[in-house]
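Participant: okay, predicted coordinates and the sequence, questions at the end:
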Amino acid sequence: MTDSLAIIEQIHKSFDLKDFNSLAIPAKAEFFCSIDSVSQLQQALVYAMQQNLKITTISGGSNLVLAADVSGLVLHINLKGVSTSTMLDNTVDISVAAGENWHDFVTLCLNNGWHGLENLALIPGNMGAAPIQNIGAYGVELSHFLQSVDVVNVETGQPEVLTDEDCDFGYRTSVFKQSALDKYVITGVNLRLSTQSVTHVSYPALADLLQGVEPTPKIVFDTVCQLRRSKLPDPKEIPNVGSFFKNPIVSKQQADQLMATYPEIPMFPQKGDFTKLAAAWLIEHCGFKGSRHGKVGVHHKQALVLVNFEGNGEDILLLAENIKTQVAEKFAVELEVEPRIYGHTH
Ligand code: EPU
């Protein structure tokens, strides 16, 4: 491992994370360091081990809730760079550093004729976080394009490469949220895109807007941006982390029972005997949509999005608990929080 002394000068003490989380929660990191290179990351890991500091990794900060101040060393992953190699079979392989902004990258791809990611336009956050929750929208998921993920092993400090299979992707989940939680820091993502036009327009909201239109990648990109802007608040204007809960997957039997009581309930059949429900619909039908609870609330256009009006992590988590309880009481469905919660006091 590399000598850790050089990193010390770049470590800030008691650092305010308000500008580093899209819920704008004013929590503090005990120690904070911005990471611009893999060798700097390795130095920081050595330092943390020597000082017995717990490591917390953040990047765009758009999928985390700071429940309290964060003890230990917070690493802000700011690695930059995009490189490509064109393949013979109308595909392009692209390596993207973890600190690249997701939407800027999707825009770059569109402008260069590298296709596939148009449905994922405007998702907040950076590349490194994308595989953790396998970001998805409008019928497309990151895992469809992912070849491998570059990581540094937190314990050994060594770079490793995880294949698509190693990542064990599912709906809003991966190995990074399960068995490899906190085992690695993601430094880059390797994708394979198409140099030919491909479009995915079967998602109902997208299909509605594109009726009678011959879709091109640019049209899909623009329509997705239009859809998101019409429903989802911009975190820079109204702090939020996108969907606060995952859409619950229930047995077909339970779905049928719900359908008998609520014939208009949206249902999305899954593989096997399972059905995905719309958490937004369940929350809306418990009366939360557009409601305000002190310094936090539920967005008036999308009930799955909790918004922060100068509250803190505790306010947000209290509202989330309240929503979970009421949805469980009314529909007997358990909602699962989607963003990662940091800074537990217990
Ligand atoms: N709906 C309601 N009330 C609402 C909003 C939606 O009843 O306030 C209903 C809609 O009528 C529709 C269903 O819920 O029948 C689904 O709504 P929508 O298409 O808006 O998507 P979603 O399930 O609420 C998911 C993702 C979003 C993604 C959209 C579009 C999850 C947890 N969320 O939301 O992802 O943008 O689909 O594909 O899967 C995110 O993860 O942060 C995120 C924003």
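Facilitator: Sure thing, it's come through.
Participant: does stretch 291-309 come close to the ligand?
Facilitator: Yes. Interface with the ligand: stretch 291-309 contributes Q302, A303, L304 (C-beta under 6 Å from any ligand atom). No exception for glycine: its C-beta is placed from N, CA and C like everyone else's.
Participant: list just the nearest of these to the ligand.
Facilitator: A303 (3.5 Å; C-beta to the nearest ligand atom).
Participant: mind listing what the residue of the chain found nearest the ligand touches?
Facilitator: Nearest residue of the chain to the ligand: G242, at 2.4 Å (C-beta to the nearest ligand atom). By C-beta atoms under 8 Å, 6 or more residues apart in numbering, the residues touching G242 are S62, N63, I123, P124, L232, V305, E338.
Participant: try L122
Facilitator: Taking C-beta under 8 Å, 6+ apart, one finds H103, V106, V224, C225, R228, R229, L232 in contact with L122.
Participant: which one of these sits closest to S37?
Facilitator: Closest approach to S37 among the contacts of L122 (C-beta to C-beta): H103, at 23.7 Å.
Participant: for L110, see how far away that closest one is.
Facilitator: Distance, H103 to L110, by C-beta to C-beta, to the nearest Å: 11 Å.
Participant: same check, this time on D234
Facilitator: From D234 to L110 the distance is 20 Å (C-beta to C-beta).
Participant: same question for K28.
Facilitator: Separation of K28 from L110 (C-beta to C-beta): 39 Å.
Participant: closest one to L209 out of the contacts of L122, please.
Facilitator: Of all these, V224 has the smallest distance to L209: 9.4 Å, by C-beta to C-beta.
Participant: what is the burial count for the nearest residue to V175 once chain neighbours are set aside?
Facilitator: Excluding the flanking residues, the one nearest V175 by C-beta to C-beta, 6 or more residues apart in numbering is D168, at 4.4 Å. Using other C-beta atoms under 10 Å, D168 is surrounded by 17 other residues.
Participant: next one: the one 4 residues further on
Facilitator: With neighbours defined by other C-beta under 10 Å, the count for R172 comes to 19.
Participant: G136 is in contact with that one, correct?
Facilitator: Yes. Assessed by C-beta atoms under 8 Å, R172 is found in contact with G136 at 6.9 Å.
Participant: D234 and L110: who's more crowded?
Facilitator: Neighbour count, other C-beta under 10 Å: between D234 and L110, L110 has more, with 18 against 13.
Participant: contacts only, for that one.
Facilitator: E118, P217, K218, F221.
Participant: and if you look at K13?
Facilitator: So K13 contacts E30, F31, F32 (C-beta under 8 Å, 6+ apart).
Participant: what strand or helix carries the first one?
Facilitator: Following DSSP states H and E, the helix or strand that holds E30 is strand 28-35.
Participant: run through who's touching that strand.
Facilitator: Under C-beta under 8 Å, 6+ apart, the answer for strand 28-35 is 7, 10-17, 41, 44, 53, 56, 69-79.
Participant: S148 in helix, strand or coil?
Facilitator: Counting by DSSP: H, G, I helix; E, B strand; the rest coil, the backbone at S148 sits in strand.
Participant: meant to ask about Q196
Facilitator: coil.
Participant: quick one, phi psi at the closest residue to it other than its chain neighbours?
Facilitator: Leaving aside its chain neighbours, Q196 sits nearest to N90 (4.9 Å; criterion: C-beta to C-beta, 6+ apart). When read as degrees, to the nearest 10, the backbone of N90 gives phi 60, psi 30.
Participant: burial count for N90?
Facilitator: N90, neighbours per other C-beta under 10 Å, totals 12.
Participant: can you name the residues of the stretch 101-250 of the chain that neighbour the ligand?
Facilitator: Counting by C-beta under 6 Å from any ligand atom, the residues of the stretch 101-250 of the chain close to the ligand are A137, Y138, Y203, A205, L232, G242, S243, K246, N247.
Participant: what's the closest of the residues you listed to L191?
Facilitator: A137 (16.1 Å).
Participant: what's near enough to touch the closest one?
Facilitator: Here A137 is in contact with N119, L120, I123, V224, R228 (criterion: C-beta under 8 Å, 6+ apart).
Participant: pLDDT score assigned to it?
Facilitator: Predicted confidence (pLDDT) for A137: 98.
Participant: list the beta-bridge partners for N101.
Facilitator: In this structure, N101 bridges to N126 when assessed by DSSP bridges.
Participant: flag the shaky bits of the protein, pLDDT-wise.
Facilitator: Scanning the chain for pLDDT under 70 picks out 1-5, 345-346.
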